[in-house]
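J.: structure, please.
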Amino acid sequence: MPVWFHLKDKAPFGFAGVWDVWPGPEGKVFTVTILTTAPNDLTRSVHDPMPVILQPEAEAVWLDPAVDNPDKLMPLVGPYPAEWMEMADANPAINQPSFEGPECLVPPESA
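T.: Predicted coordinates:
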């Protein structure tokens with residue numbers, strides 16, 4: 001059964017990612033990746049690694065193009081505190097690309 005990891009208060013959150021644009025044979029190519037880190041105690045039960053979830057006060061620093069010092073950025077990319085998160089069952093249909101919407105988070109027996 002797929003799972004839904006979320007913050008206990010269900011607030012939105014940001015992932016740490018990097019992007020680049022480079023010339024391709026048919027024009028610009030845009031690439032994006034989400035950074036991962038060691039799992040916290042909650043996510044470890046499902047998989048290793050986990051995406052880097054930025055704490056709200058770290059988002060502006062991460063997004064600031066003037067901040068390019070690894071000593072300022074590396075402390076932002078550790079595991080998110082497990083005690084601030086929850087895990088719930090999600091609908092297995094979430095693995096189908098055509099399945100969209102908030103129903104993805106509702107297990108089929110609850111829908």
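
J.: helix, strand or coil for Met74?
T.: Under DSSP: H, G, I helix; E, B strand; the rest coil, Met74 falls in the helix class.

J.: quick one, helices of this structure?
T.: Here the chain has its helices, by DSSP state H, at 56-63, 70-73.

J.: so what touches the first one?
T.: Counting by Cβ atoms under 8 Å, 6 or more residues apart in numbering, helix 56-63 makes contact with Phe13, Gly14, Ala16, Leu54, Val67, Lys72, Leu73, Leu76, all of which sit outside it. Glycine gets a C-beta too; all of them are placed from N, C-alpha and C.

J.: residue contacts, Trp84?
T.: Trp84 touches Leu7, Lys8, counting by Cβ under 8 Å, 6+ apart.

J.: mind checking pLDDT for it?
T.: Trp84 is assigned 96 on the pLDDT scale.

J.: would you mind measuring from it to Lys72?
T.: The gap separating Trp84 from Lys72 is 23 Å, by Cβ to Cβ, to the nearest Å.

J.: of the contacts of helix 56-63, just the buried ones, PyMOL syntax please.
T.: In PyMOL, this line selects whichever of the contacts of helix 56-63 come out buried by 16 or more other Cβ atoms under 10 Å:
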select buried, resi 13+16+54+76
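
J.: thinking again about what came up before, tell me which of the helices of the chain sits nearest to Glu103.
T.: Set against Glu103 and scored by Cβ to Cβ, these come closest in helix 56-63, at 28.0 Å.

J.: sorry, back to before: need the winner for burial among the helices of the chain.
T.: Mean neighbour count (mean count of other Cβ atoms under 10 Å) peaks for helix 56-63 among the helices of the chain, with a mean of 13.

J.: distance from it to the middle of the chain?
T.: 14 Å (Cα atoms, centre = their mean, to the nearest Å).

J.: quick one, what contacts Asn40?
T.: Counting by Cβ under 8 Å, 6+ apart, Asn40 has contacts Met50, Pro79, Tyr80, Pro81, Ala82, Met85.

J.: hmm, Ser45 and the fifth one touching each other?
T.: No - counting by Cβ atoms under 8 Å, no contact exists between Ala82 and Ser45, whose distance comes to 9.9 Å.
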